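Trainee: Sequence and predicted structure below; questions after.
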Amino acid sequence: MIENILHITNGGNLTSYLKDLSYPGDFLTWHEMLCEGPANRLINSDAFIKVRKDFLKESYAIEVDEYQYKKELHKLDDTNKYTEIVLWFEYDLFCHINMLAVLSLLNERKIKTPITLVCSGRIANEDTLKGLGELTPEQLDEHYKNRIKLKESDKDIAVSIWQIYCGTDHNLLKKYITKKSSFEYLGICLKAHLERFPDSKNGLSTLEQNILSLIDKYDIKSKHHLLGYALNYQGYYGFGDIQLMRIIENLALFYIEEKDTIKLNRKGHEVLLNHHNFASEVNDNMIYGNVNRLDFQFNKKENKLIKTILHGD
């Protein structure tokens with residue numbers, strides 16, 4: 001049988017890279033950042049598009065081209081002509097939430113074409129995790145040759161997690177942290193997600209604490225300088241410039257900007273020492289799927305989300 005492949009990529013840069021390398025097949029580029037903002041369970045709907053358009057415009061001044069968005073999705077209208085669908089997504093939370101959504105969408109559309117996954121992360125003889133766009137052509141080719149065929153159980157897990165993410169009880173994600181699947185980095189990403197909620201002691205997420213620790217540890221010259229450090233030391237989040245800069249701006253009550261330097265103020269030192277819960281002062285009410293992050297806090301001792309008392313019944 002002649003191979004006819006549909007590649008679903010995690011963004012325009014990777015699509016261009018793969019085309020430049022003459023990978024055969026058609027391409028569907030997934031332009032989203034579903035790790036932030038509200039999302040409907042049913043992706044193949046006008047309601048989903050509206051809620052995402054409204055969020056991206058309000059939070060990041062991003063105008064969604066609805067025509068182009070739907071044009072990309074129309075590539076799924078006739079998948080019977082494809083012998084395989086290849087997903088290209090990376091090791092981080094940003095990519096994984098998008099990947100889960102794509103798999104849920106394919107399930108919605110009742111697409112039965114075999115699905116494989118190319119996922120980057122740890123690379124032999126490399127010290128840092130690598131994104132797909134950071135791989136050499138030879139490394140990328142090796143990943144492609146070793147792509148993983150997803151089982152029905154993998155697809156079921158993806159759909160279930162997407163449903164939970166778009167629900168109101170994210171503690172239900174905990175059982176999938178240790179569940180075996182073909183998604184090597186899924187458990188790490190789910191744990192990272194739960195730790196995005198305010199810590200029950202100091203009210204900051206793990207990422208927020210990390211950013212303040214960078215100010216404390218390094219000689220930071222400016223917000224732009226801090227952004228560079230945050231991008232490099234964010235671990236499994238995979239956030240972009242605009243997302244991290246939003247978080248840096250939200251943390252302004254913890255640091256002082258002076259000429260050519262940013263330093264922690266008294267509150268900054270206090271929060272890192274867990275002297276007080278600052279969640280209400282940071283007041284970051286970002287929605288994750290269908291949950292407002294301020295409604296819950298992550299209790300490290302119990303290893304779960306607990307209802308925020310201020311937002312309790």
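Mentor: Now that the structure is in, tell me what you want to look at. Bear in mind the structure is a predicted one, so any value in this text is a computation, not a measurement. Numbers count the residues shown, from 1 in each chain.
Trainee: Which residue ranges of the chain form helices?
Mentor: For the chain, the helices defined by DSSP state H occupy 12-20, 46-60, 66-73, 93-108, 137-145, 152-165, 186-194, 206-217, 223-232, 241-250, 266-272, 279-282.
Trainee: Could you point out which of those sits nearest Thr116?
Mentor: Ranking the helices of the chain by proximity to Thr116 (Cβ to Cβ) places helix 137-145 first, at 9.2 Å. Using the backbone N, CA and C atoms, a C-beta is placed for each residue, glycine as well.
Trainee: Give the buried residues for stretch 197-210.
Mentor: 197-210 (16 or more other Cβ atoms under 10 Å).
Trainee: Most tightly packed of the helices of the chain?
Mentor: Mean neighbour count (mean count of other Cβ atoms under 10 Å) peaks for helix 93-108 among the helices of the chain, with a mean of 23.
Trainee: ok now that one, how far from the chain's centre?
Mentor: 10 Å (Cα atoms, centre = their mean, to the nearest Å).
Trainee: hmm, back to that, okay if I get the buried residues of stretch 197-210 as a markdown table plus pLDDT and distance to Glu249?
Mentor: Output for the buried residues of stretch 197-210, formatted as a markdown table (pLDDT from 0 to 100; distance: Cβ to Cβ, whole Å):
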| residue | pLDDT | distance to Glu249 |
| --- | --- | --- |
| Phe197 | 98 | 19 |
| Pro198 | 98 | 17 |
| Asp199 | 97 | 20 |
| Ser200 | 96 | 24 |
| Lys201 | 96 | 23 |
| Asn202 | 97 | 19 |
| Gly203 | 97 | 17 |
| Leu204 | 98 | 15 |
| Ser205 | 98 | 15 |
| Thr206 | 97 | 18 |
| Leu207 | 97 | 14 |
| Glu208 | 98 | 12 |
| Gln209 | 98 | 16 |
| Asn210 | 97 | 16 |
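Trainee: Pipe the residues you listed into CSV and attach distance to His7 per row.
Mentor: CSV is the format used below for the buried residues of stretch 197-210 (distance: Cβ to Cβ, whole Å):
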residue, distance to His7
Phe197, 34
Pro198, 38
Asp199, 39
Ser200, 43
Lys201, 44
Asn202, 43
Gly203, 42
Leu204, 39
Ser205, 33
Thr206, 33
Leu207, 31
Glu208, 35
Gln209, 37
Asn210, 34
